[in-house]
Each structure stands twice: as structure tokens, then as C-alpha cells.
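# Sequence and predicted model, in that order:
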Amino acid sequence: MISPMPRPDSPDAESFDCDVAIIGGGPAGSTAAMVLAREGLRATVFEREKFPRFHVGESLLPFNRDLLRRLDLDDKVDQFGWVRKYGAFFVTNDGGLQHQFDFDEYFKSPHDHAWEVERAEFDDMLLRHAEESGADVREEHHIRAVNLAANGSTLTVVGPDGKEFPWRARWVIDASGQASFLAKKLGIRKNIPDLRKVALYSHYKGAKRREGKHEGHITLTFGEQRWFWSIPLRDDIMSVGCVVDRDRWESGTAEEMLDECVASSPYLSDVLENAERVRKVHTASAFSFQAKSYVGDGWMLAGDSAAFLDPIFSTGVQIGMESGEMAALMLAKRIKAGKPLRPEMFKSYEKKLRKWTDTCFKIIRAYYHPQFQPLFFSPKQRPVKHMAPFFAGQFNLGFRSRFFFGLFFFLLRMLERRQFIPDPRPEGATAHHG
């Protein structure tokens, strides 16, 4: 039988170095740390790298602002002067057809915009805010081993000097991102074979930009057997990435592959005609996976460590932060009450986070369906109009959105049998992007 946990202010609490140890200082880990610290608990973050550091995933979603406000960060984010994002464009490979989403067509302030951020600064801001909130932040520290148990876990930590030391915690939150430290250690990480993609990305200076309010719109371009993102950042920088099946990258360097992909898109080639690449090309390979469990004896997975999603809908930062907050609040409630910490006590956490990630995977698979573009670009677009809440970061979809997503999925299946909706795309831009 598991004994009740000592309250954080009891003498028995001294047997632990902290209440919650957090692996990783990205958005999920930083959020969990600042929430736990604000609840009066001892949270320690072990981050492998020294912040700030480069990271992709620069496009935020409007409904992430609700959490930013709860963390007293919304105004702070706005003061950085990052490009405001008021919506998105979806564009065919030749640029001949586009569909535009403007958030203010569906939502009032503050959900009428988000930001296109430099993740090095954004993530550093979150980590520093966690530190200012009272969390113990240890950069350039990584975890070599961990002994997990519901009544307390021991981590073997390696510091910047290469020396190891043990660290005792009541509970562990793995927010290590794509590294998914615990899922790998426990053998519960499951790759998604039909989403075996590779992303190649870099920054360009001097790319063509839209004007006015549309300058900050992210642009998603449907290429031939690939798709591209274009995210306008400050200082005339454009983040450009290409996602393609891993098997299609057979030879050449990452730079050569990205150049080849860009050259295959008339629209993107025009956008980058006079641009200069100012950063090395980064890659993320075979990146879609999901853990079989999100909670176990002494641990929880948060953000990308639980499920790493295709970046098409820019959901990563928000799901990371939302799950970090949710995990922290549930743990704080039980620890402060001196209640035992058992996996079954956090079933609601797993259920809610899995609902979010499963919804995302389902919509991502629809995105890669061969009939997605003809239906998406259809002039009537009745189902598409009701997808706006998801595109803006509402993962708890209401009845209307669920109904129209279901209708969209149904129409995709029907289009497999008969092309009853005319393909509106220009001739020469009808290749599948998946």
C-alpha cells in the first residue's frame, strides 16, 4: 500500500530535493515549473541546453493567449515587438489559388491575433519567468538515468562539469520534447508509420512579404509530394520549411534537399527570388510519434514528449503549455493536501491530453488525404468555415465544429469513390502534397 505523501511544509518533505522534477525547459516544462512555483511547491527544471537556443515552431495560435494571460505573460509577449499573426493563407504550388483565414472574421479580441515569434527569445522568456516565479532552473544539466516510483523517484543528473549527482523528487514531469526521454526509457514510444516525414527548415532575409495586416499571416503552400510553411518574422526574416516523406530524401545534403524542394514550387521560388539564406538548414526526421501511456508510477509526460505532431497546424507550443499547466495544477492540488500520488489519480489528465492529440492526429491525416485540396479549395467551403476554432487553437471543440469536421471527413471518403466536387485548382497545380 502506498503511504500518503508528506505535505510540502512537513518535516518528511526534507527527504526530497524537490516536489516535482521537470525534464526539459521548453514551453511545457517552463509552464509546469512556473505554475508549481506559484502554488508554493518546489519545482526543479533540468534543461540540457543553455538558453537562448534556436528552435523551430515560431507560429503561435490566438487561443494560447488565454494561458499567457493566466501566467501574466500576454502583455510581456506583445512588448517584444514580434510580428502579429492575424490569420493564415493556404496556397497551391503555382500560387494560382489561395484560401485565406482571418481570425477576426470568427473571433473578437483577444482571439483575433497571435504572434510569429523567434523561439530562442520566446522560450528563454518562459524559462526566465519560471525562475522569477520561484522555480529552480538548472541549464546544461541532463538526466542519465531515473528510478521511478509512485512514492518518490531518484534521477541521476549530469551537470555542466560532467559530474553526476542524485536528485530525489516526489514526481517527475517529462517535458523533454521530441527527445521523449522517459517514453524511450520505458519502451512506450510508438512511431506513426503513415506520418514518417522529414522537415527541413531555415531562415531567409529579403523574401517577399504581404502588406498591411496580412504581413504576419503564415502561408502554407501545397507542393508536389511535399508542403511548405512560410512564417514572417521580425527584421525582414522569413522562416521557411518543407515537410516531405522521409523516403524521398535519397541523397544530398540538407541544404541541397531544401534548395531542390523550393525550386519545385513556382510560388515559393517567387517569394524567395531575391532572398538570402542566413541560417544553416536544420532537420527533424521521422518526427511523428505517440506514447502508449502519458502517466505512470511517479511520472507524467507533457507536450511533445507525449506526442510529437506534424507541424502543419502549429499546435505544438500551445499543447505543450496547456498540458504543462494541467499537469502542474493536478499535482499541486494533491501534494498540498498531502494525498498519495498514484497514476490512477491522473486519469483525467491522460484522457484530456490524449483527446487533444488524437484529434490533431485525425485532422493531420485528413490533411494528407489525396482529396483534401479539392475539398478544401472548393468555392462553397461550408465545412471548412467551421474549422476556424481548431485552426485558432480551440482543442475542446464544440458540437458545431465536431459536426462539420465529421462532415469533412465523410466527404473525403466519398470523394475516394466519385469526384462529385469539381477540382478548382489550376491545371498544373493538382499534384498531391502528401
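It's in.
# mind listing what D104 touches?
By C-beta atoms under 8 Å, 6 or more residues apart in numbering, the contact set of D104 is Y86, G87, D112, H113. All C-beta spots, glycine's among them, are computed from the backbone N, C-alpha and C.
# mind putting the residues you listed in TSV, secondary structure and neighbour count included?
Converted to TSV, those look like this (DSSP: H, G, I helix; E, B strand; the rest coil; neighbours: other C-beta atoms under 10 Å):
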residue	secondary structure	neighbour count
Y86	coil	20
G87	strand	23
D112	coil	18
H113	coil	21
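# among these, which two are most distant?
Spatial extent of the contacts of D104 (C-beta to C-beta) is set by the pair G87 and D112 at 9.1 Å.
# Need the overlap of contacts for those two.
F103, D104.
# which SSE is F361 in?
Here F361, judged by DSSP states H and E, is contained in helix 347-367.
# Give me the mean pLDDT for that helix.
Average pLDDT, helix 347-367: 95.
# neighbouring strands for the strand ranked longest in the chain, and are they parallel or not?
Longest strand of the chain, by residue count under DSSP state E: strand 164-174. Strand 164-174 sits in its sheet next to strand 18-23 (parallel), strand 153-158 (antiparallel), strand 299-301 (parallel), going by DSSP bridges.
# Now render these as a markdown table, adding distance to K50 and mean neighbour count.
Output for these, formatted as a markdown table (distance: least, C-beta to C-beta, whole Å; neighbours: other C-beta atoms under 10 Å):
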| stretch | distance to K50 | mean neighbour count |
| --- | --- | --- |
| strand 18-23 | 16 | 27 |
| strand 153-158 | 14 | 19 |
| strand 299-301 | 24 | 30 |
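# Now distance to E255 and mean pLDDT too, for those, in JSON lines please.
Listed next are the strands paired with strand 164-174 as JSON lines, based on distance: least, C-beta to C-beta, whole Å; pLDDT from 0 to 100:
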{"stretch": "strand 18-23", "distance to E255": "32", "mean pLDDT": "98"}
{"stretch": "strand 153-158", "distance to E255": "33", "mean pLDDT": "98"}
{"stretch": "strand 299-301", "distance to E255": "34", "mean pLDDT": "98"}
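# In JSON lines, list the ones you listed along with distance to D102.
As requested, the strands paired with strand 164-174 are arranged in JSON lines below (distance: least, C-beta to C-beta, whole Å):
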{"stretch": "strand 18-23", "distance to D102": "37"}
{"stretch": "strand 153-158", "distance to D102": "47"}
{"stretch": "strand 299-301", "distance to D102": "35"}
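# how close does the residue sitting nearest the centre point of the chain get to P343?
The centroid of the chain falls nearest to G316 when counting by C-alpha atoms, centre = their mean (0.8 Å). From G316 across to P343, the span is 25 Å (C-beta to C-beta, to the nearest Å).
# circling back: now the residue nearest to the centre of the chain. Nearest residue, chain neighbours left out?
Distance criterion C-beta to C-beta, 6 or more residues apart in numbering; nearest residue to G316, sequence neighbours excluded, is G57 at 5.1 Å.
# Tell me how many other residues surround that neighbour.
When counting by other C-beta atoms under 10 Å, one arrives at 25 neighbours for G57.
# Identify all contacting residues around the helix or strand of the chain with the lowest mean pLDDT.
The least trusted helix or strand in the chain, going by mean pLDDT, DSSP states H and E, turns out to be helix 382-385, with a mean of 73. With contact meaning C-beta under 8 Å, 6+ apart, helix 382-385 is reached by H99, L375, F376, S378, F404, F405, L407, F408, L411.
# SS state for the fourth one?
Going back to what we said before, that points to S378. State at S378, reduced to three classes by DSSP: H, G, I helix; E, B strand; the rest coil: coil.
# measure the closest residue to it other than its chain neighbours to F372 for me?
Spatially, and ignoring its direct neighbours in sequence, S378 is nearest to I421 (5.5 Å; C-beta to C-beta, 6+ apart). I421 sits 12 Å away from F372, going by C-beta to C-beta.
# The two: which has the busier surroundings?
F372 (19 against 16).
# Excluding covalently adjacent residues, which one is nearest to that one?
A366 (6.3 Å).
# Tabulate the CA atom coordinates of stretch 413-432 in PDB.
Provided in PDB are the C-alpha atoms of stretch 413-432 (Å, rounded to 0.1, in the frame of the first residue of the first chain):
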ATOM      1  CA  ARG A 413     -14.300   9.300 -48.000                       C
ATOM      2  CA  MET A 414     -17.000   9.800 -50.600                       C
ATOM      3  CA  LEU A 415     -14.600  11.600 -52.900                       C
ATOM      4  CA  GLU A 416     -12.400   8.400 -52.900                       C
ATOM      5  CA  ARG A 417     -15.300   6.700 -54.800                       C
ATOM      6  CA  ARG A 418     -16.500   9.500 -57.000                       C
ATOM      7  CA  GLN A 419     -15.300  13.000 -57.900                       C
ATOM      8  CA  PHE A 420     -18.600  14.800 -57.300                       C
ATOM      9  CA  ILE A 421     -16.900  18.000 -56.400                       C
ATOM     10  CA  PRO A 422     -15.000  19.700 -59.200                       C
ATOM     11  CA  ASP A 423     -11.300  20.200 -58.600                       C
ATOM     12  CA  PRO A 424     -10.900  24.000 -58.500                       C
ATOM     13  CA  ARG A 425      -7.200  24.000 -58.700                       C
ATOM     14  CA  PRO A 426      -5.400  25.400 -61.800                       C
ATOM     15  CA  GLU A 427      -4.100  22.900 -64.300                       C
ATOM     16  CA  GLY A 428      -0.500  22.000 -63.400                       C
ATOM     17  CA  ALA A 429      -1.100  22.500 -59.700                       C
ATOM     18  CA  THR A 430      -3.100  19.400 -59.000                       C
ATOM     19  CA  ALA A 431      -0.300  17.100 -57.600                       C
ATOM     20  CA  HIS A 432      -0.900  15.600 -54.200                       C
END
